[in-house]
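**Q** please find the sequence and the predicted model below.
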Amino acid sequence: MAAITASMVAELRGKTDAPMMECKKALTEADGDMDKAEEILRVKLGNKASKAASRVTAEGIVAACIESQGAGSLGALVELNCETDFVAKNDDFLAFGKTVAELVVKQNPADLAALSALPLQGSTVEQVRKDLIGKIGENVAIRRFVRYESPVKLTSYLHGTRIGVMVEYDGADEQVGKDVAMHIAAMKPVSLSSEQVPAELIAKERSIAEQKAAESGKPAEIVAKMVDGSVQKFLKEVSLLNQTFVKNDKQTVEQMLKAANTAVKGFTLYVVGEGIEKKQDDFAAEVAAQVAAAKQA
């Protein structure tokens, strides 16, 4: 059997980015044949990616990219998920998120499938994603993206890496756009105006208000007014223009924008893992299962 040297392991790692021990095992299995070891690793990494694909990815990052285009702007916001917050800080994971955001801006993919098929690093985005899974040992998923092609201005704000905002606005003062983006990250409006709040959210809020008002025992006409008042209050709280501006509680966002001669055309807010049901691990049960497995072995 051929001797497996440290330099051979390093060379294979340089070619594949696989963990050192995986490289050594592949070289041993291939009896020192570098090409065969690389093939073995690619098969193993692919299998590893397939096994990881069923695991919940509720952690991750939001990445942003903005480029000027004449008098307008191009921009993208991307959510990239993983399984643990530890991997969310991994340099390769962060770099992949940045690269994906840049690709969305430049290539304008129609959807996630089109994005996954785009060429990247001599391969495709999908293959690079699978290779990253093999390298870090966790499932990685591109969850969603939005792309802007604006005739005016774009700005983005990332609160750490877990909250990302992109704002399309028209105004001379760029600081106003940044202030609005930070406000959105803090107050999390669901729409630009009250008229744009989704009907299902309004219906849910009305139902809650009706149940609360019914308990008051007041006449029907009073109950109806209470419900309408609650719904109107809700609409103001969740629509950006009606919210109290975080940097000046004497103004609404709409009043602040008017004073600054600025108009917000639209925005996107991504919060990592929003809506994804996290798996709740039972540590005691996990240990017990491992002990039982060891006894059987």
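**A** Perfect, I can see it now. Numbering: from 1, shown residues only.
**Q** OK, contacts around the closest residue in space to A260 that isn't next to it in sequence?
**A** Distances taken as Cβ to Cβ, 6 or more residues apart in numbering place V176 nearest to A260, at 4.6 Å, with adjacent residues excluded. Bear in mind the C-beta positions are built from the backbone N, C-alpha and C, glycine included. Contacts for V176 (Cβ atoms under 8 Å, 6 or more residues apart in numbering) come out as 169, 256-257, 260, 262.
**Q** give me the pLDDT for A220.
**A** Listed pLDDT for A220 reads 82.
**Q** tell me how far it lies from A113.
**A** Between A220 and A113 the computed distance is 52 Å (Cβ to Cβ, to the nearest Å).
**Q** just the helices in the stretch 151-297 of the chain please.
**A** Applying DSSP state H, counting those that start in this stretch to the stretch 151-297 of the chain gives helices spanning 174-187, 199-214, 220-238, 253-259, 283-296.
**Q** quick one, the third one and helix 199-214 angle?
**A** Between helix 220-238 and helix 199-214, the angle formed by their directions is 140 degrees, by axes from the mean of the first three to the mean of the last three Cα atoms, to 10 degrees.
**Q** and helix 220-238, how far out from the chain middle?
**A** The chain centroid and the centroid of helix 220-238 are separated by 34 Å under Cα atoms, centre = their mean, to the nearest Å.
**Q** which residues are in contact with that helix?
**A** Contacts for helix 220-238 (Cβ under 8 Å, 6+ apart): 189-191, 194, 197, 201-202, 205-206, 208-210, 212-214, 216, 218, 242-243.
**Q** circling back: which of the contacts of V176 sits closest to V140?
**A** Nearest to V140 among the contacts of V176 is Y169, at 32.7 Å by Cβ to Cβ.
**Q** and the closest one, how many neighbours?
**A** Look at Y169: counted by other Cβ atoms under 10 Å, it has 24 neighbours.
**Q** sorry, back to before: ranking the contacts of V176 by neighbours, who comes first?
**A** Y169 leads these on contacts (other Cβ under 10 Å) with 24 neighbours.
**Q** what's near enough to touch that one?
**A** Counted by Cβ under 8 Å, 6+ apart, Y169 has contacts 152-155, 176-177, 180, 262-265.
**Q** which ones among these lie within strands?
**A** 153-155, 263-265 (DSSP state E).
**Q** burial of A220, as a residue count?
**A** 9.
**Q** which SSE is immediately downstream of the helix or strand hosting A37?
**A** Using DSSP states H and E, A37 sits within helix 34-52. With elements assigned by DSSP H and E, the helix or strand that comes after helix 34-52 is strand 59-69.
**Q** output that next one as PDB, restricted to C-alpha atoms.
**A** Only the C-alpha atoms of strand 59-69 are listed here, as PDB (Å, rounded to 0.1, in the frame of the first residue of the first chain):
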ATOM      1  CA  GLU A  59     -30.200  29.700  10.700                       C
ATOM      2  CA  GLY A  60     -28.200  31.700   8.200                       C
ATOM      3  CA  ILE A  61     -27.600  35.100   6.700                       C
ATOM      4  CA  VAL A  62     -29.000  37.800   4.600                       C
ATOM      5  CA  ALA A  63     -26.700  39.200   1.900                       C
ATOM      6  CA  ALA A  64     -27.100  42.400  -0.200                       C
ATOM      7  CA  CYS A  65     -25.600  43.800  -3.400                       C
ATOM      8  CA  ILE A  66     -26.300  47.200  -5.100                       C
ATOM      9  CA  GLU A  67     -24.700  48.400  -8.300                       C
ATOM     10  CA  SER A  68     -25.300  51.700 -10.100                       C
ATOM     11  CA  GLN A  69     -26.800  51.600 -13.600                       C
END
